[in-house]
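Show me how the following folds:
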Amino acid sequence: MNRITINLNNSKSEIYVGLKWTEFSRFIPVSDVVIITDDNIRNIYGNRFPSLPVLSIKPGEESKNLSVISGLAGKLLDYGIDRSGFIVGIGGGVVCDITGFLASVYMRGVRFGFVSTSLLSQVDASVGGKNAVNLGNVKNVLGCFRQPEFVICDPGMLNTLPEEEYLSGLAELIKMGLILDQNLFSLAEQNTERLLKRDIELLEYMISVSVELKASVVREDEKEITGKRMILNFGHTFGHVIETVAGLKHGFAVAAGMVVAMNISVHANLLEPDMRDRIINLLRKLKLLREYHIPDKFFEEMLLKDKKKQGDNINFVLLESPGKAVVRKINFRELMKLFRLSQVN
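Numbering: from 1, shown residues only. Next comes the predicted model:
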């Protein structure tokens, strides 16, 4: 078991990788605690939940909206939860986002923690303090920064994930290697079969490395003020459009977005074409590349609403080599021009 601590000015977050999920009871108060989960997780694990009130939402991205937040807040009031209360989110990225957002705004903030049940949330969504919901078809446009008190990442829970959910999470794991750690990328290259077979020992190690990498970024730039944290958005600028318009799961959309970003990086003479092809080959071996067909106009329309857009510019993450990503402020029209050229070449 590995414990990774994120100490910030006004908060402390402890991430436990390899701890059994049932141990979360050690970290919660004795009263005024509510669990938020989704219907799938409740069906699989609910009989092992402690005797606490449970609020269950419909699985999937469509639950990340203010209507669901409002309904959950009303139920917290019904249970008599006040500012001394505690909320535990047991689920994947959607549950973590909803729990963190609700806990941040309910009565101006109550304590919360996560039991992270998916690879996507163990590697990314549950760590770092970003909590957000969608507004219409614009992803994560309403949100805040607030750290969970604890996150439990039990790799054993990944065995119950549907195949598509597990594969989707692999994309974020590969992303962390590409932007921050060449060795993590190489380890994935050398162990594709073990990853596809959900080797628990390998996953615990790679999740631990990935969480520590993200934690180091968050410690340096919690709220994306200096720009360091922006590298975590690699593949997400175009990926969010692909996810919304084509309906791909988040990880597959991010994988597609990383391919777009790498093509643009090659066209900008930052990334060697051979290395781009090597990375794409890994994504293909891990079954992460899915077909999508989106007219350019949809990218143009939705990128204009991107959170990373500042005036006429977008902070865009490019890749120089595995382990080395850079953020460039690119004019929106120039980015679309590079995108179109990269699609042709």
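
which residues in the stretch 151-300 of the chain form helices?
163-180, 182-190, 192-196, 200-220, 236-246, 250-267, 273-285, 296-303 (DSSP state H, counting those that start in this stretch).

would you turn the ones you listed into JSON lines with mean neighbour count and mean pLDDT?
Glycine gets a C-beta too; all of them are placed from N, C-alpha and C. Output for the helices of the stretch 151-300 of the chain, formatted as JSON lines (neighbours: other C-beta atoms under 10 Å; pLDDT from 0 to 100):
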{"stretch": "helix 163-180", "mean neighbour count": "24", "mean pLDDT": "97"}
{"stretch": "helix 182-190", "mean neighbour count": "17", "mean pLDDT": "98"}
{"stretch": "helix 192-196", "mean neighbour count": "16", "mean pLDDT": "98"}
{"stretch": "helix 200-220", "mean neighbour count": "19", "mean pLDDT": "96"}
{"stretch": "helix 236-246", "mean neighbour count": "23", "mean pLDDT": "93"}
{"stretch": "helix 250-267", "mean neighbour count": "25", "mean pLDDT": "96"}
{"stretch": "helix 273-285", "mean neighbour count": "15", "mean pLDDT": "98"}
{"stretch": "helix 296-303", "mean neighbour count": "15", "mean pLDDT": "85"}
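
do you know which of those helices lies nearest Ser67?
helix 236-246 (18.2 Å; C-beta to C-beta).

That closest one vs helix 296-303, what angle?
120 degrees (axes from the mean of the first three to the mean of the last three C-alpha atoms, to 10 degrees).

Helix 236-246: how far from the chain's middle?
In terms of C-alpha atoms, centre = their mean, to the nearest Å, the centre of helix 236-246 is set 14 Å apart from its chain centre.

That helix - contacts with which helices or strands?
With contacts taken as 3 or more C-beta pairs under 8 Å, 6 or more residues apart in numbering; DSSP states H and E, helix 236-246 sits against strand 138-145, helix 250-267, helix 296-303, strand 313-321.

neighbouring contacts of that helix?
Helix 236-246 has contacts (C-beta atoms under 8 Å, 6 or more residues apart in numbering) with 137, 139, 248-250, 253-258, 260-261, 292-294, 298-299, 302-303, 306, 308, 314, 316-317, 339.

Could you rerun that using 6 Å?
Here helix 236-246 makes contact (C-beta atoms under 6 Å, 6 or more residues apart in numbering) with 137, 139, 248, 250, 253-254, 256-257, 260, 292, 294, 298-299, 302, 316.

Would you mind getting the angle between it and helix 250-267?
Angle of helix 236-246 versus helix 250-267, following the same axes, to 10 degrees, is 130 degrees.

Kindly calculate the angle that helix 236-246 makes with strand 313-321.
Relative orientation of helix 236-246 versus strand 313-321 (the same axes, to 10 degrees): 110 degrees.

Can we start the residue count at 11 from this point?
All set: I'll call the first residue 11, so the last point we hit is now helix 246-256.

Helix 246-256 vs strand 148-155, what angle?
Going by the same axes, to 10 degrees, helix 246-256 makes 130 degrees with strand 148-155.

Convert helix 246-256 to CSV, retaining C-alpha atoms only.
Taking Å, rounded to 0.1, in the frame of the first residue of the first chain, the C-alpha atoms of helix 246-256 are listed here in CSV:
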residue,chain,number,x,y,z
HIS,A,246,-8.5,17.1,-23.7
THR,A,247,-9.0,20.2,-25.9
PHE,A,248,-10.1,18.2,-29.0
GLY,A,249,-11.0,15.2,-26.8
HIS,A,250,-13.9,17.0,-25.1
VAL,A,251,-15.4,17.8,-28.4
ILE,A,252,-15.0,14.2,-29.6
GLU,A,253,-16.6,13.0,-26.3
THR,A,254,-19.5,15.3,-26.6
VAL,A,255,-20.3,15.1,-30.3
ALA,A,256,-19.3,11.6,-31.1
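
Output stretch 307-320 as PDB, nothing but the C-alphas.
Only the C-alpha atoms of stretch 307-320 are listed here, as PDB (Å, rounded to 0.1, in the frame of the first residue of the first chain):
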ATOM      1  CA  LYS A 307     -17.300  23.200 -37.900                       C
ATOM      2  CA  PHE A 308     -18.200  21.400 -34.700                       C
ATOM      3  CA  PHE A 309     -14.700  21.600 -33.400                       C
ATOM      4  CA  GLU A 310     -14.600  25.300 -34.200                       C
ATOM      5  CA  GLU A 311     -17.900  26.000 -32.500                       C
ATOM      6  CA  MET A 312     -17.100  24.100 -29.300                       C
ATOM      7  CA  LEU A 313     -13.500  25.200 -29.000                       C
ATOM      8  CA  LEU A 314     -14.800  28.700 -28.800                       C
ATOM      9  CA  LYS A 315     -16.400  27.700 -25.500                       C
ATOM     10  CA  ASP A 316     -13.300  25.900 -24.100                       C
ATOM     11  CA  LYS A 317     -12.300  26.900 -20.600                       C
ATOM     12  CA  LYS A 318      -8.700  27.200 -21.700                       C
ATOM     13  CA  LYS A 319      -9.600  29.900 -24.300                       C
ATOM     14  CA  GLN A 320      -8.400  33.400 -23.400                       C
END
